[in-house]
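# The sequence isn't on hand, but the structure is:
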Ligand SMILES: NC(=O)C1=CN([C@@H]2O[C@H](COP(=O)(O)OP(=O)(O)OC[C@H]3O[C@@H](n4cnc5c(N)ncnc54)[C@H](O)[C@@H]3O)[C@@H](O)[C@H]2O)C=CC1
Ligand SMILES: CCCCCC(=O)/C=C/C=C\C=C\C=C\[C@@H](O)[C@@H](O)CCCC(=O)O
C-alpha cells in the first residue's frame, strides 16, 4: 500500500508499538514525525530510520504529550516541516498506578488533546482536507485486571471518547475517520513495568494474577499491531471502529449490540 505524499504524526513513536508503526508508515512512503518524551531513544531511532529509509522522511520531535503547549508545538512543527498532516496516531501511554493522576494525563487527557489538535490540522471544519486519527486503547478495556485499575479506566475512556468523536466527525462532516485499536499483551518495554512497585504501587501484589493472564493469552509482537494500524489507516470504510488484536483471534473488530429502548 502506498501512502506517498501523506504525512503522519505518531506519539510515543520512539520505541515499542509506536516504533513498529513508524517503520510501517515509512515502508509505505509516508513522511513521519515521531513525537516522544525519550530523547535518547528518539534520536537513536531516527538515526536508524534515516539509514534505512533515507534522510528527510522522518523527524524526531522531543515532547511530553501531557504538556498541552508542547503538544501543540509538535503538531505545528510537523506541518511546518512536511507541509501538511494526514494521519495522527495517539499512541503514547504509561502504566503507573502509583502516580495515577499522571497515567490519566498521558493515557487519556493527551489522547483527547491530540485528537482535537489533529482535527484543527485536518478537519474540513477548519478548512482542511480531511485525514485519519487512531487512538490506542488496550484489551484491558475488555478484560480487566486487579493489577491496573487506573490504566484500565483510561483505556475504557479512550474507547468511549473515540467512538463519540467518530460520530461527531460523520455527523459534522469533518472528513476525518477516527478509530481505536486495542492490543492484548505486546512484547515491549511497557510490559516489564508490571513487576515494579515504582509503577504499580500497592497493586504490585497482584502481579502473579497479571502474569497468569499473560501466560494464558500469550504475548504479541509489535509488527502485528503495526499491521492492524495500517489496516485502520487505509480502509476508508472504517470510522468509529474498535479493532482488537489478540493471539487467539488475530486482528478483528469488537461488535456492539444495538441499544433497545
Ligand atoms: N505493551 C502492551 O502490552 C500494550 C500496550 N498498549 C498501549 O500501546 C501504547 C504503546 O505502548 P508500548 O509501545 O507497549 O509502550 P512503550 O513503553 O514500549 O513505548 C511507549 C512510548 O511512549 C513514550 N511516552 C511515554 N510517556 C510519554 C509522554 N508523556 N510524552 C511523550 N511520549 C511518551 C515513551 O517514551 C515510549 O517511547 C500505549 O498506549 C499502551 O498503553 C495497549 C495494550 C497492550
Ligand atoms: C502494562 C501494560 C500492559 C497492558 C496489558 C493489556 O493490554 C492487557 C490485556 C488483557 C487481556 C488480553 C486478553 C486477550 C484475550 C484474547 O486472547 C481472547 O481470549 C479474548 C477475545 C475476545 C474478543 O472478542 O476478542
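Right, received. Where do you want to start? Model, not experiment: these values are computed from the prediction. Residues are numbered from 1 along each chain as shown. Ligands and ions are numbered 1, 2, ... in the order given.
# check contacts around residue 64.
By CB atoms under 8 Å, 6 or more residues apart in numbering, residue 64 lies in contact with 37, 70. Where C-beta positions appear, they are placed from N, C-alpha and C, glycine not excepted.
# how does it look with 10 Å?
Contacts here follow CB atoms under 10 Å, 6 or more residues apart in numbering; on that basis residue 64 touches 35-37, 70-71, 74, 92, 105-106, 110.
# To which secondary structure element is it assigned?
Using DSSP states H and E, residue 64 maps to neither a helix nor a strand.
# how near is it to residue 115?
Distance of residue 64 to residue 115, computed by CB to CB, to the nearest Å: 17 Å.
# anything in the strand or helix carrying residue 32 near ligand 1?
Under DSSP H and E, the secondary-structure element containing residue 32 is strand 31-36. Yes: if you take CB under 6 Å from any ligand atom as the test, strand 31-36 does meet ligand 1, through residue 36.
# Pairing partners for that strand, with directions?
The sheet places strand 31-36 alongside strand 7-11 (parallel), strand 58-62 (parallel), with pairing taken from DSSP bridges.
# So which of those strands is the most surrounded?
strand 7-11 (a mean of 27; mean count of other CB atoms under 10 Å).
# Low-confidence stretches in this structure?
When the per-residue scores of the chain are filtered using pLDDT under 70, no range remains.
# re the thing from before, if it's not too much trouble, I'd like the strands paired with strand 31-36 exported to JSON lines so that distance to residue 142 sit alongside each entry.
As requested, the strands paired with strand 31-36 are arranged in JSON lines below (distance: least, CB to CB, whole Å):
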{"stretch": "strand 7-11", "distance to residue 142": "23"}
{"stretch": "strand 58-62", "distance to residue 142": "32"}
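# right, and those strands - which one's nearest ligand 1?
With respect to ligand 1, and counting by CB to the nearest ligand atom, the nearest of those is strand 7-11 at 5.8 Å.
# Near ligand 2, which residues of the stretch 1-150 of the chain are found?
Taking CB under 6 Å from any ligand atom as the test, the list of the stretch 1-150 of the chain residues beside ligand 2 reads 95, 138-140, 143.
# Could you turn the buried ones of those into a ChimeraX selection?
Entered in ChimeraX, the line below selects the buried ones among these, by 16 or more other CB atoms under 10 Å:
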select :95,138,139,140
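# Would you report the backbone torsion angles of residue 54?
Main-chain dihedrals, residue 54, degrees, to the nearest 10: phi 90, psi 150.
# begin at 56 from here
Yes, from this point I'll number from 56; that puts the last item at residue 109.
# number of nearby residues for it?
A count of nearby residues for residue 109, using other CB atoms under 10 Å, gives 10.
# Kindly report the same for residue 107.
Taking other CB under 10 Å as the criterion, the count of residues near residue 107 is 12.
# Helix or strand: which one has it?
Element membership of residue 107 [criterion: DSSP H and E] is helix 94-108.
# Spit out the contact partners of residue 137.
Taking CB under 10 Å, 6+ apart, we find residue 137 in contact with 61-64, 85-88, 111-112, 114.
# And these, which two are furthest apart?
In terms of CB to CB, the contacts of residue 137 reach their longest pairwise distance at 64 and 111, which sit 16.2 Å apart.
# how close does residue 268 sit to residue 246?
Residue 268 is 12 Å from residue 246, where distance means CB to CB.
# Next, show the common contact partners of those two.
Shared contacts of residue 268 and residue 246, defined by CB under 10 Å, 6+ apart, comprise residue 240.
# which residues in this protein form helices?
Listed in chain order, the helices of the chain (DSSP state H) span 71-82, 94-108, 123-137, 155-159, 165-177, 204-227, 244-247, 252-255, 262-272, 277-289.
# now the first one, how far from the centre of its chain.
When C-alpha coordinates are averaged (CA atoms, centre = their mean, to the nearest Å), helix 71-82 and its chain have centres 11 Å apart.
# cool, the last one as well?
For helix 277-289, the separation from the chain centroid amounts to 11 Å (computed by CA atoms, centre = their mean).
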